[in-house]
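Participant: build me a model:
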Amino acid sequence: MAALDLAVIGGTGLYRLASLQDAEAVTGDTPYGAPSGPIRVGRIAGRRVAFLARHGEGHSLPPHRVNYRANLWRLKDLGASKVLAINTVGGITERFGPRVLALPDQLIDYTWGRTSSFWDGEGGEVLHVDFGDPYTPSLRRAVLAAAAKSGTAIVDGGCYGATQGPRLETKAEIARMRRDGCDLVGMTGMPEAGLARELGLDYACLAVVANWAAGCSTDEEITLAEVLAHVEAASAGLPGLFDALLG
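Facilitator: Below you'll find the predicted structure:
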């Protein structure tokens, strides 16, 4: 199997990569079960790229039911060494309003009950990975350089808070997260980032801000139509960014 130049995991509202050419669907299980769906392998800027819709191509998997281990294992098995995760998030602090693209450099894990490691005590040596910097610095630098080259506006840095979902958070929960230092809130950042580190994959999160988190704006209700419109607008620069990253 030829190596992949990049693997992309798409979040809510991003179920295909429009710029992925000559894509073929690759299916198959893993020792950890089935991935979220077929992996589309094709080319961008002449480079070999794989795309996987994290929630399934029909958005059928809630965050706590995503088989994160199978997804990452299958991508590595197909030859991935670098994974760029697209995560749809809510904004908490002032720099991270709707339609912003952000590249966080830290995270806090508030999830529970998810299978969070490949080393689950069923044989083999327990692995304690270094996770002080949860996103690979070299891949983050490459994404920032590609954004600058393509003219794609991106906010560098910030802390991603990963919540359990699938419900949205209360105002009190968001207030706590703000006190904790979170700038963004999403439901899929963990255990994905930790599992990628266990597999030795370079991993970065490109966060698409779809809405203000609860209590962070005067709008009291978050509608799906509004979220999808913001995701579409914020994602408009992704094709140019991918071309620059892979060119």
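Participant: buried residues, the helix-or-strand element of the chain with minimal mean pLDDT. List them.
Facilitator: Sorting the helices and strands of the chain by mean pLDDT, DSSP states H and E puts helix 224-234 at the bottom, at a mean of 87. Neighbour-count burial for helix 224-234, counted by 16 or more other Cβ atoms under 10 Å, picks out 227, 230, 231, 234. (Each C-beta comes from the backbone N, C-alpha and C, glycine too.)
Participant: contacts for that helix?
Facilitator: 12, 13, 14, 88, 98, 99, 100, 101, 208, 209, 210, 211 (Cβ atoms under 8 Å, 6 or more residues apart in numbering).
Participant: for the last one, helix, strand, or coil?
Facilitator: It refers to residue 211. strand (DSSP: H, G, I helix; E, B strand; the rest coil).
Participant: now do the SS call for residue 237.
Facilitator: helix.
Participant: do you know the pLDDT at it?
Facilitator: pLDDT recorded at residue 237 is 90.
Participant: who are the contact partners of it?
Facilitator: 101, 147, 150, 151, 152, 153.
Participant: the second one and residue 154 touch, don't they?
Facilitator: Yes: with contact defined as Cβ atoms under 8 Å, residue 147 reaches residue 154; the gap is 4.2 Å.
Participant: what about the two, which has more around it?
Facilitator: The residue with more neighbours, out of residue 147 and residue 154, is residue 147; 22 against 18, by other Cβ atoms under 10 Å.
Participant: report the buried members of the contacts of residue 237.
Facilitator: If we count by 16+ other Cβ under 10 Å, the contacts of residue 237 have these buried: 101, 147, 150, 152.
Participant: ok, and the closest non-adjacent residue to residue 157?
Facilitator: residue 105 (4.9 Å; Cβ to Cβ, 6 or more residues apart in numbering).
Participant: please report phi then psi for that neighbour.
Facilitator: phi -120, psi 0 (degrees, to the nearest 10).
Participant: residue contacts, it?
Facilitator: 133, 135, 140, 156, 157, 158, 159.
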